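Undergrad: okay, here's the prediction I keep looking at, along with the sequence it came from:
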Amino acid sequence: MTEAVLTAETGWIILGAFSVAWIALGWFWGRRHRTFDGHVLAGRNVGLALATATAMATWVTSNTTMTAPQLAYQLGIWGMVGYSLGAVGLMMFAPIAERVKRLMPNGYTSGDFVRTRYGRLGWLVFLLISLFYGLGWLVSMGMAGGVLLKALTGIPYHVGMLTITLVCVGYTLLGGLSAVIGTDFIQSVIILVGLVVVGVAAFTHLPAAEVHSHLAENRPELLNLLMPASIMFLFNNLLFGVGEIFHSNVWWSRAFAFRKGKGFKAFFTAGLLWLPVPVAAGAIALAAPGLGINVPALDMVGPLVVGRLLGTAGAVTILIVVFCSLASSLDSLLAATSDLLVEDVYRTLWRPNASGRELRWAARVIVLVLGALAIVLCWGRLTTLAEMIHFTGAFVASTIWPIAAGLYWSKTNRYAAILGMILGSAAGLYAYFTIGFFTAALVGAIVSMLCVVAGTLLFPQPFEWSRLGELRRPEEEA
């Protein structure tokens, strides 16, 4: 076992200080909104600075700060560069955010769009994919919290995972999307500054030339730009990132929440800011072979290298950075998944005449349930972070073409879109288990594309865009 760099007492002090701060801010920001719109969409009036910060911080997940080093350690240069292509998804969503805001001025979720565009069957398939992905992402966040605290402080995995998950549930419960966006702004600043400090300090202690020589001698495959698995991962991660963002209510809820005319600028700028983050985080892991570090679990490699190179100061910095990246994603996912269940299941199927107050309470109850479910699923820690999150790649990549075609191609065939999601998911899963986790999204996206394009060309179904604008807010219906 690798010895922890920080004491458990130091870890608890840092964790306690930030936990109190986030919960207090959640309570403070949550007081401003007393309507359902205010709670779940921050009043639909988020400005450019906060919009950019929340998009960027939400996309800097534990998978960025901890899985990017793991993939660099496994796949070399293309591992960290391929991960950075996740920025493409944010930038491609920029025009979609503007179109969604214009077509659905009173929309709440991505499920609202799919239900109106493709009917109940398509909505059901999409909802199952979204909820499965959401749970996968929640589990990866909780796992990362436990892994991080154990690697740097020696705090047991289960204790760390439980604490971080409960903190995020707490301030999301109190403040809704306003609390999420407000804390995201602070967290994005901390993440960017922290990664710059850690990166500069690490390569000052161990120059890049020395890292390269160690790799060339001991792990030359990590420098091989023609490694087949790495090249496959490059394209797979590009499509995986696009699928994650195109379908997820995390990003649709922000499209609805951002002030009119700000969505394009916010998402595109956030993509540019996010682009270098996985490279900076992943490059650190390439120093591990030269340092002779014992890596008990692949997703621990990033924190362990920083702790070895920079000692206590580096470990404290990386603990804060990764904690902020965890919180900024976990809170967003809790809020967005809760919105999806409240709007698409509770209100649509069960209580169509529910008041805004009733829906706010339902949203809070669902946040609690999601938090509890995430804790239960995290408890066993059956796999690594990379394998956990990429298992969902088969599903989310199958939604790329149904979403894009549904928004821009008025003749998209609804049954072709539904078939694309089903067959794409099935083909991606087959590739995941028979070829490797780095192929699931690639195969899923290709199969889905063929279904949507061929089905629509053969059997076009015209759609009136005005139908998307007919959705009404709960307060108006009441």
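TA: Yes, it's here. Residues are numbered from 1 along each chain as shown.

Undergrad: quick check: mean pLDDT of the one helix or strand Ser188 maps to?
TA: For Ser188, the host element (DSSP states H and E) is helix 157-205. Per-residue pLDDT over helix 157-205 has a mean of 78.

Undergrad: helices or strands up against that helix?
TA: Of the remaining helices and strands, those touching helix 157-205 by 3 or more Cβ pairs under 8 Å, 6 or more residues apart in numbering; DSSP states H and E are helix 8-30, helix 36-41, helix 48-59, helix 110-153, helix 249-257, helix 277-285, helix 301-341, helix 356-378. All C-beta atoms are positioned from the backbone trio N, CA, C, and that covers glycine.

Undergrad: make it 7 Å
TA: helix 8-30, helix 36-41, helix 48-59, helix 110-153, helix 277-285, helix 301-341, helix 356-378 (3 or more Cβ pairs under 7 Å, 6 or more residues apart in numbering; DSSP states H and E).

Undergrad: what's the fifth one in contact with?
TA: What that stands for is helix 277-285. The list of residues contacting helix 277-285 from outside it, by Cβ atoms under 7 Å, 6 or more residues apart in numbering, reads 60, 64-65, 68-69, 71-73, 79-81, 83-84, 86, 195, 199, 202, 301-302, 305-306.

Undergrad: what is the distance between the helix holding Ser188 and the centre of its chain?
TA: Averaged C-alpha coordinates place helix 157-205 at 13 Å from its chain's average position (Cα atoms, centre = their mean, to the nearest Å).

Undergrad: nearest to Val250, out of the helices and strands packed on helix 157-205?
TA: Proximity to Val250, assessed across these by Cβ to Cβ, is greatest for helix 301-341 (4.1 Å).

Undergrad: so for that closest one, mean pLDDT?
TA: Throughout helix 301-341, pLDDT has a mean value of 78.

Undergrad: and the helices and strands packed on helix 157-205 as a markdown table, adding mean neighbour count and distance to Thr412?
TA: Formatted as a markdown table, the entries for these read as follows, by neighbours: other Cβ atoms under 10 Å; distance: least, Cβ to Cβ, whole Å:
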| stretch | mean neighbour count | distance to Thr412 |
| --- | --- | --- |
| helix 8-30 | 17 | 39 |
| helix 36-41 | 26 | 27 |
| helix 48-59 | 25 | 27 |
| helix 110-153 | 23 | 8 |
| helix 277-285 | 25 | 33 |
| helix 301-341 | 25 | 22 |
| helix 356-378 | 19 | 31 |
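
Undergrad: with distance to Gly175 added, can I get those in CSV?
TA: Supplementary listing: the helices and strands packed on helix 157-205 in CSV, determined by distance: least, Cβ to Cβ, whole Å:
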stretch, distance to Gly175
helix 8-30, 3
helix 36-41, 8
helix 48-59, 13
helix 110-153, 18
helix 277-285, 26
helix 301-341, 9
helix 356-378, 11
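
Undergrad: which of the ones you listed sits closest to Ser213?
TA: Going through those one by one, with Cβ to Cβ as the measure, helix 277-285 comes closest at 15.3 Å.

Undergrad: ok, the residue nearest in space to the middle of the chain - contacts?
TA: Computing the C-alpha centroid of the chain and ranking residues by Cα atoms, centre = their mean puts Trp59 first, at 5.2 Å. With Cβ under 7 Å, 6+ apart as the criterion, the residues that contact Trp59 are 86, 90, 270, 274.

Undergrad: show me which positions of stretch 83-98 end up buried.
TA: By neighbour count with 16 or more other Cβ atoms under 10 Å, stretch 83-98 contains the buried residues 83-94, 96-98.

Undergrad: wait, which of the residues you listed is closest to Leu419?
TA: Taking Cβ to Cβ as the measure, Leu419 sits nearest to Ile96 out of the buried residues of stretch 83-98, at 22.4 Å.

Undergrad: which residue is the nearest non-sequential neighbour of the closest one?
TA: Excluding its sequence neighbours, the residue lying closest to Ile96 (Cβ to Cβ, 6 or more residues apart in numbering) is Leu407, at 6.3 Å.

Undergrad: alpha carbons only: can I get stretch 77-85 in PDB?
TA: Taking only C-alpha atoms (Å, rounded to 0.1, in the frame of the first residue of the first chain), the coordinates of stretch 77-85 have been written out as PDB:
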ATOM      1  CA  ILE A  77      -0.100  10.800 -25.100                       C
ATOM      2  CA  TRP A  78      -3.400  10.100 -26.900                       C
ATOM      3  CA  GLY A  79      -5.000   9.200 -23.600                       C
ATOM      4  CA  MET A  80      -4.800  12.800 -22.300                       C
ATOM      5  CA  VAL A  81      -5.100  14.500 -25.700                       C
ATOM      6  CA  GLY A  82      -8.100  12.300 -26.500                       C
ATOM      7  CA  TYR A  83      -9.800  13.200 -23.300                       C
ATOM      8  CA  SER A  84      -9.400  16.900 -24.100                       C
ATOM      9  CA  LEU A  85     -11.600  16.400 -27.100                       C
END
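
Undergrad: if we can go back for a sec, of the contacts of Trp59, which pair is most distant in space?
TA: Gly86 and Ala270 (11.3 Å).
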